[in-house]
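>>> here's a sequence, model it:
(chains A, B and C)
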Amino acid sequence: MRLTKRHLWTGIGGLGVLGVGLAVAAWIVYEPEIPKVPRPDPRMFSSETIKRGEQLATAGDCIVCHTADNGPAFAGSRPLATPFGVLYSNNITPDEQTGIGNWSAAAFRRAVKFGVGRDGTHLYPALPYEHFIRVKDDDLDAIYAFLMTREAVSKIAPPNELLPGLGIRQSLAGWKLLFLHDSREVVDEARSTEWNRGKYLVDGLAHCGACHTPRNLLGGEEWGREFGGGVAEGWNAPPLDKSNPSAARWDVETLVKYLSTGTDTAHSTAAGPMGPVTEGLSRLNKADVHAIAVYIDSVMHPDRTGSPVVNAEPEGVDDKATGSEAAALFQGACAGCHDPASPMAVRGRPPLSGTSDLNSNDPRNAVQAVLQGIKAPVGSNAPYMPSFADNLTDRQIADLLDYARTRFTQNQPWAELERTVHGIRKENQQ
Amino acid sequence: MTLSIVVNGKDHEVASDPDTPLLYVLRDELELNGAKYGCGLGQCGACTVHIENKAVFSCLTPVGAIGDRWVRTLEGLGSIDSPSILQKAFQDEQAAQCGYCIAGMIMRAQALLEKNPKPTDDEIREHMQPNLCRCGTHSRILRAIRRASDVMSKEG
Amino acid sequence: MVGNITRRSFLAASGIAVAFSLTRPALAQLAGGGEGGPGPAVVAPGLPGSLKSWPYLDAWIQLDNAGKATVFSGKAELGQGIKTALLQVAAEELDLPPRDVTLVTVDTLRTPDEGLTAGSHSMQDGGTAIRNAAANVRMLLLRQAAIVLNTDVDSLITTGAGTIVSNDGKTIGYGQIAGSLTLHVQAIADAPLRSKPQFRTMGHNLPRVDIPAKTTGGAAFIHDMRLPGMLHARVLRGPSEGTRLSLPSADEIEAMPGVFKYVRNGDFAAILAEREWDAIKAMRTLQSAPYELTRAPFPHGSVDETLKALPWRDIVILDTDAVVANPVKSVAQKYSRHWISHGSIGPSCAIAWLNDDLLTIWTHSQGTFDVRRVASELLGRPIEKIRAIHAEGAGCYGQNGADDVAAEAAMLAMAVPGRPVRLQWMREQEFGWEPLGPGMVTEVDAAIDSNSRIVRWNYGVWSNPHNNRPVGAGGVLIGNEVQPPFQPPEGKPIPMPEGDGSRNSNPLYALPNMHVVYHFIKDMPIRVSALRSLGAHLNVFSIESTFDELALAGGIDPLDLRLNHMEDERARNVMQTAAANFGWRKRQKTKPLQGFGMAFARYKNLGAYCAICMEITVERDTGLITVQRVQAATDCGEIVSPNGVQNQVEGAIIQSLSWCVHEAAMNDGTIRTTFDWSAYPILRFIEVPRKIDVTVVEQPGQPFLGVAECGQGPTSAALANALADATGVRFTHMPLTPDKVRAAIVTF
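Model prediction:
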């Protein structure tokens, strides 16, 4: 084919469009480096600011993601399993070589709100900046003060283990275009100050939606489905809106109890990734916990008029009803803790009949509780459940859960339970 | 009703009901002393045995669930006249005060060394975390495990 | 030794069954550290140790024709290694190889009554008795050999192999002389003892005789006993002291699957089954019945509020006055420790068997002779028809449920003559019903002069009695439950110098002005009894914490403040030894929130000396403490087993750290709410110190001092001092949980 002038102009035009496109892309992707500053002297921050920052960081639960198991606080290296691979958190102690010791307050704010590191690299949205963008600057400055007064720890995170192709950070700029929306705080005058405070915390620092909102294939929260439920590290984060199957049994008081202690009799104990969340919230001041509860309660019960049916325990069918083999399994493996009159039940630990996980349409969390158990922090007196992965087979776990669901709830049995158990066990092993 | 289980390489006909935790079958029917009742709740590890080389709580494993998976107890590691490397390490370090937790400790440690013959000190501590000792024998237990690891590494 | 015992074997064991009559207790001997009853009567005051009460040699030692010895001790193996240590002592003074010596621990039919195995008295009283008895026997053997060999006794020596040789080569074995030697003679007080340069066994590390079985699955515990026809029992009680279960009718219960028999007397109820699991399942079903509360609400405010709301009487411990310089700096502090659980890893267990009109009780109680007395009173049965034998349990660290379970098993055995009954408490029953270590409060007001000399020392300690060890049926749960019930005895303080809540409230330091008062609180709102070191844990914590505060106020090194006020040479020595081995004088902070602390005490001012130096780091954001290293120095007099001493002190350090940082037995006003390990966490592997070293100071020729409890006070105190050094915050109310520590330091 002969090159004609038209080809030439098309080619130049194409190149031009490409050039402009690249320029635009570069403009989107490119973030300038913010120069290093000398590590701030901890004494320059007032103690009120540090205290305020400590509480805000507690609401944000920074310590959980930014601390490895039994590792030094805030020094990073905790693996976070995502559908895109495993990411390791950064060191946010004031260490100058391996942490954020030379970051200015402006650099810190930009990182948290816009997901851009001091040197201009894009950060993966494992850091939930689509939520943190809503945090006020002076709150971020308080958190900055708090972090800068932590112990500097030298620790470098292992390299991320992402699926091939996703290691290109520049692509995050595109992601942000789609999912990072500049949201200023909107105060709803019709609601109380406390409700607004709760909304501010929940939408921002507490980033509840990061787990409790479904995500699309690109990993962004689904627009319009806020609090519709999600999955985090293999566990379901139940919906917090009115589609929550236990909505009738939650109210502000039970939410406060659950969030600040990790357990409420009408529900069960925070398990999986929710465990560390409630451990953290146990250190948050009562007023803020209450505000969070007030807001979540309103999301869950937009039309509630009467009082909540808080103490309603679904009546299960009479005991030992289902298959004697499963009953035998339950008696030998579970009853010591989970019999309705067990020592733990006598002390007000949640009965299985009220457990949200056992009542849920999706058996995932119940399966995970049996496979992984429920950990308690070192030295804490929070409830603890051992793991049964090594002593029970998939079939046995399925039989047990089926038995428990039938005996303690009024819900239909879960389908394909053994296959589900098998699949989740395999997931956990990866 | 009789069940059949394999314990320490031997077949056993078991008369206990299938819901009976393995712990009581081992102790009362098979008259094995290693696994002990500490809590029956999976919190202390005194009952630790192996099911197919995984350390498990025998107090929470109904005997009917074992099937043909093999079970190993402390007695299956070695005897008083011929102790295993790990058992001997515990003896050489005098790693016991009352000794009630020790059978569980040895079984838990054995599972680690079979999977990871040269663990770091932190790995040992983390692995042993589910097992409780009230007398405070922990540092000797850690030394015994380290000692056994050293011996096992030399032997290749 | 336990195992598959047949009736024939245990009766035939030694051949000679010596009966010991129950003499009426005469003087307050303070055997067992003043705990329990007054102890066995003193009949030979000039003899050392328990020989005072049992002066005849054949009560302690018997020799057979093969030259092997059986030694009888009234003490019990609790996991502290005493069985091996006493064996070493006996073997040493008899000059026999350890394998030729069998040690029989407390058995009311065969051994002397040495009171409780408690109060760190086993080596002091039991070890001393055995040592001297054995020395007496060796002396008699030499004399007899001289006669038989027709030679001068001074020309004979023992060889260590069970033989005696003369300097002209004649030899004779112990076995050859044993038949013609009567040991039914009283000991003399000054039989020659072997000395350190001669030691073959004492002072050496003899591997513990019980460890091989424990590491290979041998029968080693009371829990491992299996007797022919044995029934399994479980008690039926509410979830906690202060509750009563409502139970269905006896017919209904006996009709339950697997239930062999139901036993009921007043509020006491239990079931027996052929199979243990059947007993447990039936118990679980019956425990689902409602329970009612049987007593006034439990107090569940702070320890201080609770104790100060109760009436007390003052017991003056120290009241000295001297002219001193003016105080320039003062320290006033309040300290406390919560009620804590013994936390035995193996819940309490007992076996009882009524056979041919003899009721035999196997128990792991520290007071085996008392178990017999309690059963006699409870059952209205003559004491000669009851035998109690100690068999090892899990570590008890004081009075846990062992005595209760022993009495319960005895009652149940009476209901099924001919069949042994094995009763074990469940984990939640142990937590819910066992006596706890009492919560205590102290208040200190101290001051130094311009030379950092302590010129004022006002000290008050509030506590319940710690000594509620059952000596009669009223002291055990079942005794209060049967109809008609036995009344619980009134709580009484243990007088100084042993003390109970007052134990170690009298500083060993030479302070010119000391006003120390024990505010003794008789009313016990929560069931309490002895827990390892009794009041010494909090008293040493308080004294040693205050010393550090005074040192800080005076600007002098904490070690120097202590040395400046300590005249006791052995005390100075352990402090300096620990400090030197730790590198105390060279300590330097190289990390943030790193701290160093030390503490010292002589247990009861009569027992073993212990000094602890500690280095820690604290994590600000979690409040978690990492104990980097602990250096201890212990002086226990003549050392029998160096490794055994180290084992005990290492254990005390770890246990004391756990008490200090984690432990508080809680209630909600109606029932105890700590019921399992999740609700009552204790130290686990991750928190164990990175490094522990125990130096055992050599003191050849000095009397034995028991080490079992010497580390409890100093360790908690050293930790609090290290924390203060690391954080600048003085923590005073145990437990010093991570949350408490974090809250105090997270935002400075």
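
>>> the domain parsing of chain C - what is it?
C:7-206, C:222-294+C:342-433, C:440-466+C:501-745 (automatic domain parsing).

>>> how about those, which one is nearest chain A?
domain C:222-294+C:342-433 (3.0 Å; C-beta to the nearest C-beta). In short, each C-beta sits where N, CA and C put it, glycine included.

>>> where are the low-confidence patches of the chain?
Picked chain A for this. Scanning chain A for pLDDT under 70 picks out the ranges A:1, A:3, A:183, A:305-323.

>>> that answer is for a different chain, and I need it for chain C
C:1-33.

>>> for the residue of it most remote from its centre, give me its contacts.
Most distant from the centre of chain C: residue C:168, at 49.7 Å, with distances by C-alpha atoms, centre = their mean. Residue C:168 sits next to C:151, C:155 when contact means C-beta atoms under 8 Å, 6 or more residues apart in numbering or on different chains.

>>> and residue C:620, by the same measure?
With the criterion set at C-beta under 8 Å, 6+ apart, residue C:620 makes contact with A:73, A:150-151, C:593, C:742, C:745-746.

>>> can you pull the phi/psi pair for residue 128?
In the absence of a named chain, this looks at chain A. phi -80, psi 70 (degrees, to the nearest 10).

>>> OK, contacts around it?
A:207, A:210.

>>> repeat that for residue A:23.
No residues are in contact with residue A:23 under the rule C-beta under 8 Å, 6+ apart.

>>> quick check: it vs chain C, distance?
45 Å (C-beta to the nearest C-beta, to the nearest Å).

>>> for that residue, which three-state class applies?
helix (DSSP: H, G, I helix; E, B strand; the rest coil).

>>> how about the strands in the stretch 51-200 of chain A?
A:79-82, A:85-88, A:161-162 (DSSP state E, counting those that start in this stretch).

>>> which positions in the first one come out as buried?
Buried positions in strand A:79-82, judged by neighbour count with 16 or more other C-beta atoms under 10 Å in any protein chain shown: A:79-80, A:82.

>>> alpha carbons of that strand, in CSV - could you do that?
C-alpha atoms of strand A:79-82 as CSV (Å, rounded to 0.1, in the frame of the first residue of the first chain):
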residue,chain,number,x,y,z
PRO,A,79,0.3,-8.7,54.6
LEU,A,80,-3.1,-7.8,53.3
ALA,A,81,-4.6,-10.4,51.1
THR,A,82,-6.7,-8.9,48.3
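
>>> tell me which strands that strand pairs with, and in which orientation.
Its sheet considered, strand A:79-82 pairs with strand A:85-88 (antiparallel) by DSSP bridges.

>>> do the same with the last one
Each strand that pairs with strand A:161-162, with its direction, by DSSP bridges: strand A:85-88 (antiparallel).

>>> what residues does the partner strand touch?
A:76-80, A:124, A:126, A:157-163, A:166.

>>> can you redo the buried residues of strand A:79-82 as TSV with distance to residue B:106?
TSV is the format used below for the buried residues of strand A:79-82 (distance: C-beta to C-beta, whole Å):
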residue	distance to residue B:106
A:79	31
A:80	36
A:82	39
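
>>> check which helix or strand residue A:336 maps to.
In this assignment (DSSP states H and E), residue A:336 forms part of helix A:335-338.

>>> which helices and strands does that helix pack with?
Other helices and strands packing on helix A:335-338, by 3 or more C-beta pairs under 8 Å, 6 or more residues apart in numbering or on different chains; DSSP states H and E, are helix A:343-346.

>>> show me what residue of the stretch 51-200 of chain A gets nearest to chain B.
Counting by C-beta to the nearest C-beta, the stretch 51-200 of chain A gets nearest chain B through residue A:70, at 7.0 Å.

>>> so residue C:430 lies in a strand, does it not?
No. Assignment of residue C:430 by three-state DSSP gives helix, placing it outside any strand.

>>> isn't it up against residue C:402?
No. With contact defined as C-beta atoms under 8 Å, residue C:430 does not count as touching residue C:402 (10.0 Å).

>>> taking the stretch 251-400 of chain A, what residue is nearest to chain C?
For the stretch 251-400 of chain A, C-beta to the nearest C-beta, closest residue to chain C: residue A:341, 3.0 Å.

>>> what is the neighbour count of that residue?
Residue A:341 has 17 neighbouring residues, counting by other C-beta atoms under 10 Å in any protein chain shown.

>>> now do the contacts for the closest residue to it other than its chain neighbours.
Nearest residue to residue A:341, sequence neighbours excluded (C-beta to C-beta, 6 or more residues apart in numbering or on different chains): residue C:288, at 3.0 Å. Residue C:288 is in contact with A:339-341, counting by C-beta under 8 Å, 6+ apart.

>>> element containing the residue nearest the centre of chain A?
With distances taken as C-alpha atoms, centre = their mean, residue A:211 lies nearest the centre of chain A, 4.2 Å away. Assessed by DSSP H and E, residue A:211 sits inside helix A:209-212.

>>> SS state for the closest residue to the residue of the stretch 51-200 of chain A closest to chain B other than its chain neighbours?
Nearest residue to residue A:70 in three dimensions, chain neighbours excluded: residue C:686, at 6.3 Å (C-beta to C-beta, 6+ apart). Classification of residue C:686 by three-state DSSP places it in helix.

>>> quick one: residue C:686 from residue C:81, how far?
27 Å (C-beta to C-beta, to the nearest Å).

>>> repeat that for residue A:48.
Where residue C:81 is concerned, residue A:48 sits at a distance of 56 Å (C-beta to C-beta).

>>> those two: which has the busier surroundings?
Higher neighbour count among residue A:48 and residue C:81: residue C:81, with 28 against 11, using other C-beta under 10 Å.

>>> residues near the residue nearest to that one when sequence neighbours are not counted, how many?
Nearest residue to residue C:81 in three dimensions, chain neighbours excluded: residue C:644, at 4.2 Å (C-beta to C-beta, 6+ apart). Applying other C-beta under 10 Å, we find 25 residues neighbouring residue C:644.

>>> and residue C:644, what helix or strand is that in?
helix C:642-662.

>>> distance from the chain centre to that helix, please.
Chain-centre distance of helix C:642-662: 13 Å, with C-alpha atoms, centre = their mean, to the nearest Å.

>>> give the next helix or strand downstream of that helix.
strand C:692-697.

>>> contact partners for residue C:390?
C:76-77, C:105-107, C:362-365, C:368.

>>> in helices, which of these fall?
The helices, defined by DSSP state H, take in residue C:368 from the contacts of residue C:390.

>>> would you turn the contacts of residue C:390 into JSON lines with distance to chain B?
Below are those laid out as JSON lines (distance: C-beta to the nearest C-beta, whole Å):
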{"residue": "C:76", "distance to chain B": "12"}
{"residue": "C:77", "distance to chain B": "9"}
{"residue": "C:105", "distance to chain B": "14"}
{"residue": "C:106", "distance to chain B": "16"}
{"residue": "C:107", "distance to chain B": "20"}
{"residue": "C:362", "distance to chain B": "16"}
{"residue": "C:363", "distance to chain B": "15"}
{"residue": "C:364", "distance to chain B": "10"}
{"residue": "C:365", "distance to chain B": "14"}
{"residue": "C:368", "distance to chain B": "17"}
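
>>> out of the contacts of residue C:390, list just those in strands.
C:362-363 (DSSP state E).

>>> any chance of a markdown table for the contacts of residue C:390, columns neighbour count and distance to residue C:512?
As requested, the contacts of residue C:390 are exported to a markdown table (neighbours: other C-beta atoms under 10 Å in any protein chain shown; distance: C-beta to C-beta, whole Å):
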| residue | neighbour count | distance to residue C:512 |
| --- | --- | --- |
| C:76 | 30 | 43 |
| C:77 | 27 | 45 |
| C:105 | 25 | 46 |
| C:106 | 29 | 45 |
| C:107 | 24 | 51 |
| C:362 | 28 | 53 |
| C:363 | 31 | 49 |
| C:364 | 32 | 47 |
| C:365 | 31 | 44 |
| C:368 | 32 | 45 |
